[in-house]
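K.L.:
got a sequence here, can you model it:
(one chain, ligands or ions: 1)
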Amino acid sequence: MNKRTIAKLCFGLIAILTSIASAQEDDSKDRGKSISESEFLSAVKSSFKVNNDAEWKRFTDPTLTICNKTMDRPSGAQVKQILQREKSSITLPKHGNYMGNWEKGKIWVEGAHGGRIGLPGFADADNPAKPNGANCYACHAVDPNFPQNGNMGPSLTNFGKIRGQSTAIQKYTYEYIFNAKAFNPCSLMPRFGHGEGHLLTAEQIADVVAFLLDPKSPVNLPKRDTP
Ligand code: HEC
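P.N.:
Presented below is the predicted three-dimensional model:
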């Protein structure tokens, strides 16, 4: 290695060290600076696309505020408070049954409309005029014939085959889907029936319960052979 190359390498090294040092300086300038809660919320609101005020209210309601502030670790007293409040939001469908029509439930479970994830101009773009779907496959395996599924939540395949169809299991399933936070205070599962601007109607939830529990639903039948 000649002197010129060594000099170039030294120069390069110094340049790198100087840029690291100045980046650290920039970083330390911001450290310790704090913003108020309202500044924080307005920054989140302006950078986050919400569909309507009801949706924003849901994200900032007393339950989610506690979950956010405690990083999903509410105190014992807060857990009691949340479970009580969330349980009281659950209402029965107008027809009075926990189970509806499984064929309709299949449509709601598969549908992603209402999450407003399709961009205008694309085939099947999300359309606010369409009834909302639940997009359960984002987090769960459900019908074994469906081509894809998420795994944030447990598999619901064979749910009715394993749990049966007793009134107690119908009620549990209905209530869990209506408001998962009535069972698990900071559940990651959306509260489908909860509050103003809810994602699913009580009747749609009963259809979804039927899709999970009905022995004739593909959820509880063996996977079909693909041709
Ligand atoms: C964003 C992810 C997510 C979505 C979307 C979601 N879930 Fe869940 N679900 C979960 C998680 C995580 C759990 C585990 C328990 C918990 O955290 O509440 C769960 C638990 C459940 C349970 C209780 C399971 C048991 O073993 O008792 C049922 C029933 C259920 N989900 C049904 C559904 C249905 C039906 C849909 C669509 C209408 C749905 N979930 C959509 C994340 C999700």
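K.L.:
hey, let's count contacts and neighbours off CA atoms from now on
P.N.:
OK.
K.L.:
so what's the gap between the helix or strand Val44 falls within and the chain middle?
P.N.:
Val44 is part of helix 37-47, with elements assigned from DSSP states H and E. Its chain's C-alpha centre and that of helix 37-47 lie 21 Å apart, by Cα atoms, centre = their mean, to the nearest Å.
K.L.:
what's the following helix or strand after it?
P.N.:
Later in the chain than helix 37-47, the nearest helix or strand by DSSP H and E is helix 53-59.
K.L.:
still on that earlier bit, what sits up against the helix holding Val44?
P.N.:
Defining contact as Cα atoms under 8 Å, 6 or more residues apart in numbering, one finds that helix 37-47 is touched by Trp56.
K.L.:
how far off centre is the helix or strand where Gly105 lies?
P.N.:
According to DSSP H and E, Gly105 maps onto helix 102-110. Relative to the centre of its chain, helix 102-110 is centred 18 Å away, using Cα atoms, centre = their mean.
K.L.:
sorry, back to before: average model confidence for the helix holding Val44?
P.N.:
In this model, helix 37-47 has an average pLDDT of 81.
K.L.:
test my guess that Leu212 contacts Leu156.
P.N.:
Yes: taking Cα atoms under 8 Å as the definition, Leu212 is a contact partner of Leu156 at 7.4 Å.
K.L.:
identify the contacts common to the two.
P.N.:
Contact criterion Cα under 8 Å, 6+ apart; residues shared by Leu212 and Leu156: Val142, Val219.
K.L.:
higher neighbour count, the two?
P.N.:
Taking other Cα atoms under 10 Å, Leu212 and Leu156 do not tie; Leu212 has more neighbours (31 against 19).
K.L.:
tell me how far the more buried one lies from Thr60.
P.N.:
31 Å (Cα to Cα, to the nearest Å).
K.L.:
what of Phe159?
P.N.:
To Thr60, Phe159 is 32 Å away according to Cα to Cα.
K.L.:
out of the two, which sits in the busier spot?
P.N.:
Remark: of Phe159 and Thr60, Phe159 carries more neighbours, 21 against 13, as counted by other Cα under 10 Å.
K.L.:
for the more buried one, what are its contacts?
P.N.:
Phe159 sits next to Leu212, Leu213, Val219, Asn220 when contact means Cα under 8 Å, 6+ apart.
K.L.:
also Pro222?
P.N.:
By Cα under 8 Å, 6+ apart, the neighbours of Pro222 are Pro144.
K.L.:
contact residues of this structure facing the ligand?
P.N.:
109, 134-136, 138-139, 152-153, 173, 176-177, 180, 184, 187-190, 208 (Cα under 6 Å from any ligand atom).
K.L.:
tell me where the chain has helices.
P.N.:
Taking DSSP state H as the criterion, the chain contains helices spanning 3-30, 37-47, 53-59, 62-69, 76-87, 102-110, 159-163, 167-178, 202-213.
K.L.:
tell me the most buried of these?
P.N.:
Among the helices of the chain, helix 202-213 has the highest mean neighbour count (mean count of other Cα atoms under 10 Å), at a mean of 28.
K.L.:
right, I'll call it a day here.
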